[in-house]
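Novice: I would like to see how this sequence folds:
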Amino acid sequence: MAEYGYIRISSKDQNPDRQFDAMESRGIITRNIYVDKQSGKDFDRPEYQKMLKKLRRDDLLVVKSIDRLGRNYDEILEQWRVITKEKEANIEILDMPLLNTASEQDGLTGKLIVDLVLQLLAYVAETERDFIKRRQSEGIAAAKIRGVRFGRPKSDVSENFFSACTAWKNGDMTSRKAAEIAGMSHTTFYRRCKEYQM
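Specialist: Numbering: from 1, shown residues only. Coordinates of the predicted model:
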C-alpha cells in the first residue's frame, strides 16, 4: 500500500507551505506529493492526472481539505467514485476525518454519513468558487467606476509618432515603416493612430 498526497493552490502567488506541512505531519514522503497550481474548476490538471494513474487498490490519497481536491460539485463526486470504486483506493481528508474511507465505518449507516458529508462539502466548495468569481467581478466593476485602469499603462508616443502617422495616412509610407519610425509595434502604432484619430 502506497500513500500519496495531493496539493492544489489556485494561483502561482499562493503559498502551498501549509498543505506541505500537513502532508509531512501525516508522514507522506516528498516524492509522493503532487502539486498543481491552477483552478479547481475541473480535474484537467497535470499533477493530479499523474497521481491518479499511480493509484492502486488499497493505496491512500491524502488531501488537506475537500476544496483543495476541487471546486466543482459534480466532478468532485465523480473523482471520489473513480478513486474509491474503480481504483479501490482510499481517500483521507485531513480537515474532515469523517471522510476517511480507510477507517472502518458502521456499515451502511457509516457509508450514508460519508456520502452525505461529501456531497455537502462538494456543494460548499463549488459555491465558494462562485462567490469568489462574483466578488472579483464586483471588485473590478467598483474599481472601474472609481477610475482605476487595468492592464499595462499606455506608453507615451515618441516625437516621431505624429509625423509617421500623418505620413502613413497620406500614403507616403507603409504602416509597418511608419511604426518602425515611431518606435512601436505595428499593431500598437495602428491602434494609437486610431486613438488620436489621425
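
Novice: mind checking which helix or strand Val124 is in?
Specialist: Here Val124 sits within helix 107-145, counting by DSSP states H and E.

Novice: Give me the mean pLDDT for that helix.
Specialist: For helix 107-145, mean pLDDT is 72.

Novice: what's the following helix or strand after that helix?
Specialist: helix 159-169.

Novice: Which neighbouring elements make contact with that next one?
Specialist: Here helix 159-169 touches helix 175-182, helix 186-195, going by 3 or more CB pairs under 8 Å, 6 or more residues apart in numbering; DSSP states H and E. For every residue, glycine as well, the C-beta is placed using N, CA and C.

Novice: I'd like the distance between Phe131 and Asp44.
Specialist: Applying CB to CB, to the nearest Å, the value for Phe131 to Asp44 is 23 Å.

Novice: Then Leu69?
Specialist: 14 Å.

Novice: So between those two, which is more surrounded?
Specialist: Higher neighbour count among Leu69 and Asp44: Leu69, with 24 against 10, using other CB atoms under 10 Å.

Novice: Touching, the more buried one and Glu75? I think so.
Specialist: No - in this structure, Leu69 is not within contact of Glu75 by CB atoms under 8 Å, at 9.4 Å.

Novice: SS state for the residue nearest to the spatial centre of the chain?
Specialist: Centroid-nearest residue in the chain: Ser39, 1.8 Å away (criterion: CA atoms, centre = their mean). Secondary structure, DSSP: H, G, I helix; E, B strand; the rest coil: Ser39 is coil.

Novice: how many other residues sit next to the spatially closest residue to it that is not a sequence neighbour?
Specialist: Nearest non-adjacent residue to Ser39, counting by CB to CB, 6 or more residues apart in numbering: Ser10, 5.8 Å away. Using other CB under 10 Å, Ser10 has 17 neighbouring residues.

Novice: do you know how far Ser10 is from Tyr4?
Specialist: When Ser10 is compared with Tyr4 (using CB to CB), they lie 21 Å apart.

Novice: now Glu75
Specialist: Distance from Glu75 to Tyr4, by CB to CB: 19 Å.

Novice: Which of those two has more residues huddled nearby?
Specialist: Tyr4 (21 against 18).

Novice: Please name the residues that touch the spatially closest residue to that one that is not a sequence neighbour.
Specialist: In space, and not counting its chain neighbours, Tyr4 is closest to Asn32: 4.9 Å by CB to CB, 6+ apart. By CB atoms under 8 Å, 6 or more residues apart in numbering, the contact list for Asn32 reads 2-5.

Novice: Thr101 too?
Specialist: Per CB under 8 Å, 6+ apart, neighbours of Thr101: 84, 90-92, 114.

Novice: now Ala22
Specialist: 64, 94.

Novice: buried ones in the helix or strand encompassing it?
Specialist: If you go by DSSP H and E, Ala22 is part of helix 17-26. The neighbour-count check on helix 17-26 (16 or more other CB atoms under 10 Å) flags 19-20, 22-23 as buried.

Novice: go on, stretch 181-197?
Specialist: Within stretch 181-197, judged by 16+ other CB under 10 Å, the buried ones are 181-182, 184, 189-190, 192-193.
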